[in-house]
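Enquirer: coordinates for the following, if possible.
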Amino acid sequence: DALEAAAEEVARQRKQKVVRSGRECPFIDTVDRRTLDFDFEKLCSVTLVNQNCYCCLVCGKYFQGRARGSPAYTHSLDVAHSVYMNMTNGKLYCLPDDYEVVDPSLDDVVSNMRPTFTREQIRELDSRTRTSLALDGSEYLPGLVGFNNLKQTDGINVVVQSLMRVVPFRDFLLDASNYSHCKSLLLQQLGMLARKNWHAANYKSHISPHEFIQVRFNSI
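Expert: Have a look, this model is predicted:
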């Protein structure tokens, strides 16, 4: 009876939403920003499913779920990688203990996954021409970021880069609230590409239009 009661108490505690700060999580320092690349499709490296996907912030690989027995949970046990980010809402979790981590030091990781702009920031873009510094020390100018060539996509890259210099169109794309109600994946990915192109705190001095190109060809 005592063992059953203890097991029930553990199960009850696991069901409760636990949130800890970075000071309470001993694994925050294991996050390696150099391994992170949010430009490519978020697919679980085990199941190849893009639903309920988490990114391991230690090695940069994607895994599905975080429940006991899920690929992310198994990965955390196999290689002792503990910090994961939900690729839908940007929330951070520690596995296998399964508690949410809230820490301002990881805000840059969330903003790299999904950059956002306020209307004030958009208005100031043309008056601010300072270069930014990537993690590898290379400099880049927000708005003039190089695009990877994905098997003869240089033509599309040039057209997209040119459109992102058209101020009214650029401003529309940078404010995601303008099209948050739209179900077009093509528009959503174009907006994401624009926000990454103009983001002043990218980890790299170039970006990949992989998700936009994929959606574009799938819609044909």
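Enquirer: ok, residue 149 touching residue 157?
Expert: Yes. Using Cβ atoms under 8 Å as the test, residue 149 is close enough to residue 157 to be in contact (6.7 Å). (Each C-beta comes from the backbone N, C-alpha and C, glycine too.)
Enquirer: neighbour count for those two, which is higher?
Expert: residue 157 (17 against 13; other Cβ atoms under 10 Å).
Enquirer: for residue 161, which non-adjacent residue is spatially closest?
Expert: Counting by Cβ to Cβ, 6 or more residues apart in numbering, residue 147 is the residue found nearest to residue 161 once chain neighbours are left out, at 6.5 Å.
Enquirer: now residue 199
Expert: Per Cβ to Cβ, 6+ apart, closest to residue 199 is residue 115, 4.2 Å.
Enquirer: report pLDDT for that neighbour.
Expert: Per-residue pLDDT puts residue 115 at 94.
Enquirer: equivalent analysis for residue 13, please.
Expert: Per the predicted model, pLDDT is 54 at residue 13.
Enquirer: could you give the bridge partners of the residue nearest to residue 161?
Expert: Residues in a beta bridge with residue 147, per DSSP bridges, are residue 207.
Enquirer: who are the contact partners of it?
Expert: Contact analysis of residue 147 by Cβ atoms under 8 Å, 6 or more residues apart in numbering lists 153, 157, 160, 161, 206, 207, 208, 209.
Enquirer: show me which of those residues are buried.
Expert: 153, 157, 160, 161, 207, 208, 209 (16 or more other Cβ atoms under 10 Å).
Enquirer: reformat those residues as a markdown table; add pLDDT and distance to residue 37.
Expert: Formatted as a markdown table, the buried ones among the contacts of residue 147 follow (pLDDT from 0 to 100; distance: Cβ to Cβ, whole Å):
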| residue | pLDDT | distance to residue 37 |
| --- | --- | --- |
| 153 | 83 | 17 |
| 157 | 89 | 18 |
| 160 | 91 | 19 |
| 161 | 91 | 20 |
| 207 | 91 | 10 |
| 208 | 90 | 8 |
| 209 | 89 | 13 |
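Enquirer: between these, which is nearest residue 64?
Expert: Checking those against residue 64 with Cβ to Cβ, the nearest one is residue 208 at 22.3 Å.
Enquirer: in this structure, which spans are strands?
Expert: Under the criterion DSSP state E, strands of the chain are mapped to 19-21, 53-56, 62-64, 83-86, 92-94, 99-102, 132-133, 139-140, 146-147, 206-207.
Enquirer: by mean pLDDT, which helix or strand of the protein comes out lowest?
Expert: helix 2-15 (a mean of 61; mean pLDDT, DSSP states H and E).
Enquirer: looking at the strands of the chain, which is closest to residue 196?
Expert: strand 206-207 (5.0 Å).
Enquirer: pull the distance from the closest one to the chain's centre.
Expert: 14 Å (Cα atoms, centre = their mean, to the nearest Å).
Enquirer: one more: stretch 164-182?
Expert: 19 Å.
Enquirer: average pLDDT for that stretch?
Expert: 93.
Enquirer: and that stretch, how far apart are its ends?
Expert: One end of stretch 164-182 to the other measures 20 Å (Cα to Cα, to the nearest Å).
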